[in-house]
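A.B. asks: Test case, fold it:
(one chain, ligands or ions: 2)
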Amino acid sequence: MQKVLTIAGTDPSGGAGAQADLKTFMAHKVYGMSVITALVAQNTCGVRDIMNVTPAFLKEQFDCVFEDIFPDAVKIGMVSQPELIEVIVEKLKQYQPKNIVVDPVMVSTSGDRLLAQKALTMLQKELLPLAQIITPNIPEAEVLCEFSIESKDDMVKAAQKIATNYHGYILIKGGHFEDCADDLLYHDGEEIWLPCVKIQNPNTHGTGCTLSSAIASNLALGYDMVSSVKNAKAYITGALKDGMDLGKGSGPLNHCWNLMNKA
Ligand SMILES: Nc1ncnc2c1ncn2[C@@H]1O[C@H](COP(=O)(O)OP(=O)(O)OP(=O)(O)O)[C@@H](O)[C@H]1O
Ligand SMILES: Cc1ncc(CO)c(N)n1
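C.D. replies: Numbers count the residues shown, from 1 in each chain. Ligands and ions are numbered 1, 2, ... in the order given. Next up is the predicted model:
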């Protein structure tokens with residue numbers, strides 16, 4: 001059984017964060033584990049409050065997992081404090097897991113800031129270099145490349161700029177564009193586009209969490225990076241097409257979309 005760990009914040013309404021990650025792991029038939037960075041009081045309408053764990057408690061959780069059930073892949077999501085990023089960097093260097101996916105979560109779908117400003121430098125300088133792949137959405141890619149992204153050409157320029165400081169795979173997600181949801185996978189000067197028509201579904205809470213967890217699951221299952229990203233894109237597209245509609249805001253995804261027998 002392949003084991004996958006998420007290091008992330010929570011969502012009590014189950015659509016994003018660690019809860020979405022664990023559902024994604026389950027749907028990929030891998031064994032899911034979670035190290036929690038923060039308790040987040042949120043739902044489909046927005047974030048109300050954040051309670052970060054202490055660095056010491058984060059360390060304990062890390063050791064509990066790695067001393068007992070060593071993961072085949074690790075996905076890192078919301079970490080908003082520099083002290084917590086520091087612990088993650090230290091522990092990843094200590095344990096050296098093979099497949100590391102970093103979703104540089106900065107702002108929630110509802111527009112709430114999830115990354116403290118002073119944590120950004122630490123994220124860019126210390127955490128991103130440890131990842132095999134990073135998965136920024138358009139606003140996050142704009143922060144990393146320091147110019148605004150209006151088109152697919154800009155996505156390529158952004159990836160090229162980010163690649164001057166970061167040498168792993170870069171997946172820039174196009175979900176925030178109006179007319180299409182094409183994602184760009186960039187590595188070593190090579191561009192691979194993952195085209196997708198925009199699905200008319202306002203319920204996109206946790207799409208980024210789900211995509212990065214699906215990539216981690218596929219890497220743990222032994223797929224190479226390009227296949228892992230393509231499989232994950234197919235998974236998120238299927239979940240969006242399912243059209244489940246829960247909650248009063250931007251609703252969550254149905255992770256059972258490919259498991260349910262729809263007669
Ligand atoms: N309406 C849509 N139709 C098709 N694909 C979409 C749509 N919205 C998002 N996606 C896809 O979902 C994945 C996640 O992208 P998105 O840009 O929404 O991430 P995100 O902003 O980090 O998500 P979140 O912050 O909500 O977790 C990408 O593959 C993107 O192309
Ligand atoms: C805990 C958490 N991580 C990530 C996101 C981004 O959607 C969110 N809303 N909440």
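A.B. asks: got the contact list for Gln124?
C.D. replies: Going by Cβ atoms under 8 Å, 6 or more residues apart in numbering, Gln124 touches 144, 165. C-betas here are computed from N, CA, C, even on glycine.
A.B. asks: hang on, it in a strand?
C.D. replies: No - per DSSP: H, G, I helix; E, B strand; the rest coil, Gln124 lies outside any strand segment and is helix.
A.B. asks: Contact residues of the chain facing ligand 2?
C.D. replies: The chain comes close to ligand 2 at residues 8-11, 16-17, 40, 42, 77-78, 105, 108-109, 206, 208-209, as judged by Cβ under 6 Å from any ligand atom.
A.B. asks: for the stretch 1-150 of the chain, what spans make up the helices?
C.D. replies: Ranges of helices in the stretch 1-150 of the chain, per DSSP state H, counting those that start in this stretch, are 17-27, 55-66, 82-95, 117-122, 138-145.
A.B. asks: hmm, back to that, highest neighbour count among the residues of the chain next to ligand 2?
C.D. replies: Compared across these, Ala16 has the highest neighbour count, 33 neighbours, by other Cβ atoms under 10 Å.
A.B. asks: pLDDT score for the closest residue to it other than its chain neighbours?
C.D. replies: Sequence neighbours aside, Gly206 is the residue nearest to Ala16 in space, at 3.5 Å (criterion: Cβ to Cβ, 6 or more residues apart in numbering). On the pLDDT scale, Gly206 is placed at 95.
A.B. asks: give the contact list for Gly206.
C.D. replies: By Cβ under 8 Å, 6+ apart, the contact list for Gly206 reads 11, 15-17, 20, 109, 252-253.
A.B. asks: Now do the same contact list for Leu185.
C.D. replies: By Cβ under 8 Å, 6+ apart, the neighbours of Leu185 are 169-171, 191-194, 226, 229.
A.B. asks: near ligand 1 at all, the helix or strand where it lies?
C.D. replies: If you go by DSSP states H and E, Leu185 is part of strand 183-187. Yes - contact of strand 183-187 with ligand 1 (Cβ under 6 Å from any ligand atom) involves Asp183.
A.B. asks: Paired strands for that strand, with orientation please.
C.D. replies: strand 169-172 (antiparallel), strand 190-194 (antiparallel) (DSSP bridges).
A.B. asks: looking at these, which is buried most?
C.D. replies: Across the strands paired with strand 183-187, averaging neighbours per residue (mean count of other Cβ atoms under 10 Å) puts strand 169-172 on top, at a mean of 26.
A.B. asks: and it, C-alpha only, in PDB?
C.D. replies: Taking Å, rounded to 0.1, in the frame of the first residue of the first chain, the C-alpha atoms of strand 169-172 are listed here in PDB:
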ATOM      1  CA  TYR A 169       8.600  21.200 -12.300                       C
ATOM      2  CA  ILE A 170       6.300  24.300 -12.300                       C
ATOM      3  CA  LEU A 171       2.600  23.800 -12.900                       C
ATOM      4  CA  ILE A 172       0.800  27.100 -13.400                       C
END
